[in-house]
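Chemist: give me the fold of what follows.
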Amino acid sequence: MFAPVYSPSFLKSIERTVSRERLRRYLKATSQDLPKALALYEQNVALSEALYGLLHWLEVAFRNAAHQALAAGYGTSAWYDLVPFSQHWTRKIADAKKSSKLPGNVVAELTFGFWVELTSKPNQNMLWLGRGLRNAFPHTALNRDQIHERLKAIAEASEPRFSPRACADLHE
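Modeler: Prediction:
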């Protein structure tokens, strides 16, 4: 790993700016070597920046494909009003409707976590098979469980966005 050369005054000032607590996982990974920990931190920032655009488009594509599949399966763009969701997701849908009741806007307001949850095992019979959510993934040989696990890992790694910590977690 390339470790940039930091001046002693920079290292002292950086500890006031970026606390040791924030660098804890990076310090652990570098045997408490502050310059190497900072270099690793900077690499994770760069990785977060690089992944953000890809994660954004993945989320948009997945959300829209799932919406289209479920709208076709339920025969309405407001399919989410017909699904017996848990109280938690019912509240999230109600919150999404506060700014606009138009289905496209509601769909856009729902979190990536909501869409990932649709692919979970409890939804296999009702949504995946029963209402054609599987049709959102027409070109894959992966099964529902494999798709769910991959989407869940992506969701966990990308929240909160812009967090180098999330990228560091991918390597632990």
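
Chemist: who are the packing partners of the biggest helix by length in the chain?
Modeler: As assigned by DSSP state H, the longest helix anywhere in the chain is helix 34-74. Judged by 3 or more CB pairs under 8 Å, 6 or more residues apart in numbering; DSSP states H and E, helix 34-74 is in contact with helix 8-17, helix 24-29, helix 103-109, helix 112-118, helix 144-158, helix 164-170. Glycine gets a C-beta too; all of them are placed from N, C-alpha and C.

Chemist: how does it look with 6 Å?
Modeler: Packing contacts for helix 34-74, counted by 3 or more CB pairs under 6 Å, 6 or more residues apart in numbering; DSSP states H and E, involve helix 24-29, helix 112-118, helix 164-170.

Chemist: the inter-axis angle of that helix versus helix 144-158?
Modeler: 140 degrees (axes from the mean of the first three to the mean of the last three CA atoms, to 10 degrees).

Chemist: how about low-confidence regions in this structure?
Modeler: 1-3, 159-172 (pLDDT under 70).

Chemist: report the central residue of it.
Modeler: Closest residue to the average C-alpha location of the chain: Ala155 at 2.6 Å, with CA atoms, centre = their mean.

Chemist: just checking, it touches Phe112?
Modeler: Yes - Ala155 is within contact range of Phe112, at 5.3 Å (criterion: CB atoms under 6 Å).

Chemist: following element in sequence after the longest helix of the chain, please.
Modeler: Where DSSP states H and E defines the elements, the next helix or strand beyond helix 34-74 is helix 87-97.

Chemist: where's Ser13 relative to Ala37, distance?
Modeler: 15 Å (CB to CB, to the nearest Å).

Chemist: these two: which has the busier surroundings?
Modeler: Neighbours were counted for Ser13 and for Ala37 using other CB atoms under 10 Å; Ala37 has more, 22 against 12.

Chemist: residues contacting the more buried one?
Modeler: Counting by CB atoms under 6 Å, 6 or more residues apart in numbering, Ala37 touches Leu23, Tyr26, Leu27, Thr30.

Chemist: which of the residues you listed has the most neighbours?
Modeler: Counting neighbours by other CB under 10 Å, the top entry in the contacts of Ala37 is Tyr26, with 25 neighbours.

Chemist: so it makes contact with Gln43?
Modeler: No - using CB under 6 Å as the test, Tyr26 is too far from Gln43 to be in contact (9.5 Å).
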